[in-house]
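# following is a predicted model, sequence given first.
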Amino acid sequence: MASTPAPLEILRSGPYAVKPLGRVASEWFRITDLRFAVASVFRQSSLRALTPCAFVIASAASLGCSEDVGGGTAAADTAAVGDVLDASSQNETTETADSLITDISGSELPSDGNDFIDDGPAALDLLNAQRIASALPVLDVDPTLSEGCEAHVAYMIAAGKLVREEDPAAPGYSEAGATAARNGVLASGMPRASDAAVHWIDSVYHRLALLDPGVQSVGFAYDRGFACLDVYSAYVDPGRHSPILWPGVEQENVPTTFEPVQGVTPIPNDVDGPTGPIISIMFPRVTLVGGGLVSSLVGADPNDPIDHLLRLPESKDDPWSEYQGNAVLLVPLAPLEPSTTFTVTVSGLIDGEESLREWSFTTAGATPPATLD
């Protein structure tokens with residue numbers, strides 16, 4: 001049996017590949033001559049449908065551009081703090097270490113238990129490869145936390161569905177399993193354990209939890225389509241840290257599209273069709289993110305910026321803003337071109353000072369069409 005590739009091997013050739021880092025990922029650099037106005041209101045919420053002119057760092061006025069941009073709204077109520085939105089359509093309430101988690105319910109479970117593949121090491125390698133790409137240390141697997149996840153996976157198998165809250169009166173209940181469920185990300189209908197890892201990475205709200213620098217030791221279990229990753233039972237307050245980027249600096253094979261998990265998405269309802277991958281910058285909880293950030297996304301042609309939305313923390317018109325935490329999300333309004341290098345620029349007030357962040361990533365190649373022999 002072939003051995004599971006190490007995280008660094010996945011980084012070079014796997015689905016979340018990134019070029020070897022020849023330099024430390026750039027920090028937010030102070031700049032003294034921003035030739036555009038930025039609002040200084042702390043956490044002023046906005047959703048902006050940015051026009052090409054709004055992407056340019058140089059003065060918009062000097063380019064003859066208008067600063068009048070359109071907006072959009074998402075028609076739903078804002079989730080209360082502590083709500084866990086369960087993708088199996090069971091909305092239940094629990095608190096999870098200052099974060100909210102949305103579970104993933106996948107396709108119908110295979111009828112034959114032999115169809116499931118427990119490639120748990122590969123799943124953890126995928127998660128660690130992404131953390132390395134985002135300049136984070138790899139996760140430690142805690143055997144005790146894994147036992148809790150094993151208990152909860154067994155509970156879900158007995159229940160025949162994804163379950164967030166264990167019932168003390170139900171068969172298979174355990175305190176360890178209940179704790180893992182409250183503090184973890186879950187998935188069901190996954191033919192392989194690694195499928196759950198891919199879904200968690202591609203789902204923006206799960207990804208923010210997995211890339212939290214305070215998540216250092218985890219528990220993991222998979223069986224018969226159900227997966228559990230306990231991320232918060234051993235959470236450590238990271239304090240101040242560098243912004244966490246997704247995709248990472250010079251990361252390769254980035255997906256070209258974003259597929260929301262059963263409607264749980266920062267994309268407003270009035271945006272039609274598929275979008276590009278949701279780019280994220282996660283700031284420390286204590287960082288003050290100004291409401292006047294300006295963003296740019298360009299591909300092969302730097303003179304042809306890509307239309308996108310910019311979601312700031314605590315956007316009042318975003319029903320899932322509680323899941324976003326202190327992250328800024330950039331949403332391309334159409335799928336990105338495959339095998340293309342894109343450059344992201346976000347500028348504005350961070351902790352009351354003018355700052356600039358710029359980095360690049362490359363999308364995956366196009367999937368070749370199926371052929372018949």
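Looks like it arrived, so ask away.
# ranges for the helices of the protein?
Along the chain, counting by DSSP state H, helices occupy 7-13, 52-55, 120-133, 143-159, 175-182, 193-202, 204-210, 321-324.
# and the fourth one, what's buried?
Going back to what we said before, that points to helix 143-159. 145-157 (16 or more other C-beta atoms under 10 Å). Heads up, the C-betas are built off the backbone N, CA and C, glycines and all.
# same list, the helices of the chain, but as CSV with mean pLDDT please.
CSV is the format used below for these (pLDDT from 0 to 100):
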stretch, mean pLDDT
helix 7-13, 38
helix 52-55, 23
helix 120-133, 97
helix 143-159, 98
helix 175-182, 98
helix 193-202, 94
helix 204-210, 93
helix 321-324, 85
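# wait, which of these is closest to residue 267?
helix 204-210 (9.7 Å; C-beta to C-beta).
# for the closest one, packing partners?
With contacts defined as 3 or more C-beta pairs under 8 Å, 6 or more residues apart in numbering; DSSP states H and E, helix 204-210 has these neighbours: helix 120-133, strand 184-188, helix 193-202, strand 279-282, helix 321-324.
# which other residues reach that helix?
99-102, 104, 127, 130-131, 185, 199-201, 215, 229, 231-232, 246, 258, 264-266, 278, 280, 282, 320, 323-325, 327, 329 (C-beta atoms under 8 Å, 6 or more residues apart in numbering).
# okay, the helices of the chain in a markdown table with distance to residue 355 next?
Shown next, in a markdown table, are the helices of the chain (distance: least, C-beta to C-beta, whole Å):
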| stretch | distance to residue 355 |
| --- | --- |
| helix 7-13 | 28 |
| helix 52-55 | 17 |
| helix 120-133 | 22 |
| helix 143-159 | 36 |
| helix 175-182 | 36 |
| helix 193-202 | 27 |
| helix 204-210 | 20 |
| helix 321-324 | 19 |
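# do you know which of these lies nearest residue 300?
So among those, helix 52-55 is nearest, using C-beta to C-beta, at 15.0 Å.
# which of the helices and strands packed on helix 204-210 is buried the deepest?
Of all these, strand 184-188 has the most neighbours on average by mean count of other C-beta atoms under 10 Å, namely a mean of 27.
# what strands line up against that one, and which way round?
Using DSSP bridges, strand 184-188 pairs in its sheet with strand 104-105 (parallel), strand 226-230 (antiparallel).
# if you average pLDDT over each of the ones you listed, which comes out lowest?
Mean pLDDT is lowest for strand 104-105 among the strands paired with strand 184-188, at a mean of 57.
# how far away is residue 296 from residue 281?
Distance, residue 296 to residue 281, using C-beta to C-beta, to the nearest Å: 13 Å.
# now do the shared contacts for the two.
residue 346.
# ok so, going back, so can I have TSV of the buried residues of helix 143-159 showing distance to residue 358?
Formatted as TSV, the buried residues of helix 143-159 follow (distance: C-beta to C-beta, whole Å):
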residue	distance to residue 358
145	37
146	39
147	44
148	41
149	39
150	44
151	46
152	42
153	42
154	47
155	46
156	43
157	47
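# closest to residue 286 out of those?
Among the buried residues of helix 143-159, and counting by C-beta to C-beta, the member closest to residue 286 is residue 145, at 26.7 Å.
# report the contact partners of the closest one.
With C-beta under 8 Å, 6+ apart, residue 145 has these contacts: 180, 217-219, 230, 233-234.
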